[in-house]
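[1] Sharing a model prediction with you, sequence too.
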There are 2 protein chains.
Amino acid sequence: MATTPTTFAVIPRPSLEDPLAHLPCSSILEYRSGQVIYNQDQPSTNIYLVIDGKVKVCRMAEDGRQIVVDIYQADEFFGESAFLNSATRDEQAVAIENTKVMTWTAAEIMDLAIKRPRLAVALLQILVQRATEFGQRIQSFSVDNIARRLARTLIRFSERLGQSHEDGSVEMMPFTHELLSQCVGTSREIVTHYMNQFRRQGYLRYSRKGIVLYRDAMKDWLRHQQSASA
Amino acid sequence: MATTPTTFAVIPRPSLEDPLAHLPCSSILEYRSGQVIYNQDQPSTNIYLVIDGKVKVCRMAEDGRQIVVDIYQADEFFGESAFLNSATRDEQAVAIENTKVMTWTAAEIMDLAIKRPRLAVALLQILVQRATEFGQRIQSFSVDNIARRLARTLIRFSERLGQSHEDGSVEMMPFTHELLSQCVGTSREIVTHYMNQFRRQGYLRYSRKGIVLYRDAMKDWLRHQQSASA
């Protein structure tokens, strides 16, 4: 996530800390794909670190619809709402692959953070990064139509969770259209419509094995659409 | 923001730290209403604390539209993206009242946080709270129509920035319909339409001096609409 410092900043920005360097080992829990790690009936007081696999964190709307907050993979944390006094009962975390996590209570992490302030700084930077990404998504919801929201979601997942190939394509896990619809706030049918359109136009390929995104072309499409509508 | 601990959590949750208890004084800057504190042309490497007044933080879409991230008042921080290595050039902060802020470089705050880990923990909790609220807004954008988004924005502002009266009404500053439209991602005209509707239905009153929201009634409306559409 760290990029080289931009040249216009006169005052040096703080470097990124690695939280894993400051955490003691804890026991490892295993979850099968589809298994719930916590949900509104069993709210979590723990912070989790993904060791292996992938986890989907969702918010639950009053009508039962799921909204994907994000997907987390190895070396990423989730469950940070346990740091607050009030439980967030409307969140759930589900393994979407066979997954191993390490876990600590929020109180343990806070105690550790007081003793090892670099851990606190590292977690702070992760949270700022996360809040920044949420801000970008709020922006996308505010100004983008569904096709553009879907394109941005695919680009973001390819940057966070994809494997780049030499030809510029990026391979990702086989996100279902259902899951993508929970990311962009629409129905599965509408996602399928636009995924077909993107496929026909050559921006991506998909199968049961995965999604291959031609990311630069997809970014060009976003830019071109922008100038066309401006 | 702290609420009493919920009873179902067996493991005690960490208590909330106050960052102001751990920060040294810094010089105070003054901005007139409407004045830019930082923007994409002058990106900030600083963290700001509002001493007096109010500040609007926006993201700027490619087509120039503004999206309100949030409004900050006395004792609240903004500018936290300075904690990241990469400058976020698409953010701007503007005083929306005559405003006084105290400011430190992000590097200074990070140095302080290493020396005073309770400051780091306090900032961490603020960021978790902020990320949680952003998650709630992403949920609202995903599942709510514009009237419901507007109602939730008014309720959130009344909880964050309002003054409660004995009759259950909450008085807020005179948010313009333009500003509200930048919060819910629609046009000023559509906000005016729904604000008139809410006013006719008795959920709020507004004038140049301020907005008075009947918050419990507005919440009932949200709930009633929900069960009506379920």
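    Arrived safely, thanks for sending.

[2] May I see the domains of chain A written out as residue ranges?
    Domains of chain A are assigned by automatic domain parsing as A:19-138, A:144-229.

[3] tell me the most buried of those domains?
    Sort those by mean neighbour count, taking mean count of other Cβ atoms under 10 Å in any protein chain shown, and domain A:19-138 sits at the top with a mean of 19. Backbone N, C-alpha and C define where each C-beta goes, glycine included.

[4] and that domain, how far apart are its ends?
    End-to-end distance for domain A:19-138, by Cα to Cα, to the nearest Å: 27 Å.

[5] want to try JSON lines for the domains of chain A, with distance to B:I114 and mean pLDDT as columns?
    Formatted as JSON lines, the domains of chain A follow (distance: least, Cβ to Cβ, whole Å; pLDDT from 0 to 100):
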{"stretch": "domain A:19-138", "distance to B:I114": "5", "mean pLDDT": "90"}
{"stretch": "domain A:144-229", "distance to B:I114": "28", "mean pLDDT": "93"}
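
[6] Using JSON lines, lay out those together with distance to B:F134.
    As requested, the domains of chain A are exported to JSON lines (distance: least, Cβ to Cβ, whole Å):
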{"stretch": "domain A:19-138", "distance to B:F134": "4"}
{"stretch": "domain A:144-229", "distance to B:F134": "14"}
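
[7] For B:T192, find the nearest of the ones you listed.
    For B:T192, the closest of these is domain A:19-138, at 22.1 Å, according to Cβ to Cβ.

[8] correct me, but A:Q139 touches B:D63?
    No. The criterion here is Cβ atoms under 8 Å, and A:Q139 misses it with B:D63 at 11.2 Å.

[9] Excluding covalently adjacent residues, which one is nearest to A:S164?
    A:V170 (5.2 Å; Cβ to Cβ, 6 or more residues apart in numbering or on different chains).

[10] could you say which helix or strand contains the closest residue to A:C25 other than its chain neighbours?
    Counting by Cβ to Cβ, 6+ apart, A:M102 is the residue found nearest to A:C25 once chain neighbours are left out, at 7.2 Å. Assigned by DSSP states H and E, A:M102 belongs to strand A:99-105.

[11] In chain A, what residue spans correspond to helices?
    A:106-115, A:117-143, A:146-161, A:177-184, A:188-200, A:215-229 (DSSP state H).

[12] Distance to chain B added to these, as a markdown table?
    Formatted as a markdown table, the helices of chain A follow (distance: least, Cβ to the nearest Cβ, whole Å):
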| stretch | distance to chain B |
| --- | --- |
| helix A:106-115 | 4 |
| helix A:117-143 | 3 |
| helix A:146-161 | 9 |
| helix A:177-184 | 8 |
| helix A:188-200 | 13 |
| helix A:215-229 | 5 |
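
[13] These: which one's closest to B:V128?
    The closest of these to B:V128 is helix A:117-143. By Cβ to Cβ, the value is 6.1 Å.
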